[in-house]
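Engineer: Here you go, sequence then predicted model.
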Amino acid sequence: MSSPTTTTTSAVPRRSGFTDPGYQAFVILRTGFTVAPILFGLDKFANLLVDWPTYLAPWINDVVPGSAQAAMYAVGVIEIVAGLVVAIAPRFGGWLVAGWLAGIIVNLLTIPGYYDIALRDFGLLLGAIALARLAQHYHGKRPSH
């Protein structure tokens, strides 16, 4: 009787991809833009980090049905979904997070005293765009050196 042949793959080619600085940046951004939206989205239900409803512009609160806290529940669900999309499909998830951050920036710019947070979120928006571009570049391939 013959035994089935098995092939083993070495972990070396996979590890060698991590020597590429561009791929390292992609992995860092993908991890950050997966974890952060999920954690912040979950916190919208607990308000442990901050009182999230205070970050909702009054004019938006007047437009959305229900309370500001109810709006934050919806925001939390969207952020969790965005983080999952980044984890599964970063080419699309990066653009989704960038668009979401653009909306957050508009919201924050209409609340006096929140301009510093809007500026920080603009930096995050640039990071999300960089993630989307890097994901496009590395889609379907692992770098090797």
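Structural biologist: Perfect, I can see it now.
Engineer: From now on I want contacts and neighbour counts done on CA atoms only, so please keep to that.
Structural biologist: Fine.
Engineer: which residues sit in contact with Ala118?
Structural biologist: Under the criterion of CA atoms under 8 Å, 6 or more residues apart in numbering, the contact partners of Ala118 comprise Ile104, Ile105, Val106, Leu108, Leu109.
Engineer: can we see that at 7 Å?
Structural biologist: Ile105, Leu108, Leu109 (CA atoms under 7 Å, 6 or more residues apart in numbering).
Engineer: With Ala128 instead?
Structural biologist: Residues near Ala128 by CA under 7 Å, 6+ apart: Gly94, Trp95, Val97, Ala98.
Engineer: now those in JSON lines, with secondary structure?
Structural biologist: Supplementary listing: these in JSON lines, determined by DSSP: H, G, I helix; E, B strand; the rest coil:
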{"residue": "Gly94", "secondary structure": "helix"}
{"residue": "Trp95", "secondary structure": "helix"}
{"residue": "Val97", "secondary structure": "helix"}
{"residue": "Ala98", "secondary structure": "helix"}
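Engineer: of all these, which comes closest to Asp51?
Structural biologist: Taking CA to CA as the measure, Val97 is the one of the contacts of Ala128 closest to Asp51, at 21.8 Å.
Engineer: most surrounded residue in the contacts of Ala128?
Structural biologist: Of the contacts of Ala128, Gly94 is surrounded by the most neighbours, 32 neighbours in total, counting by other CA atoms under 10 Å.
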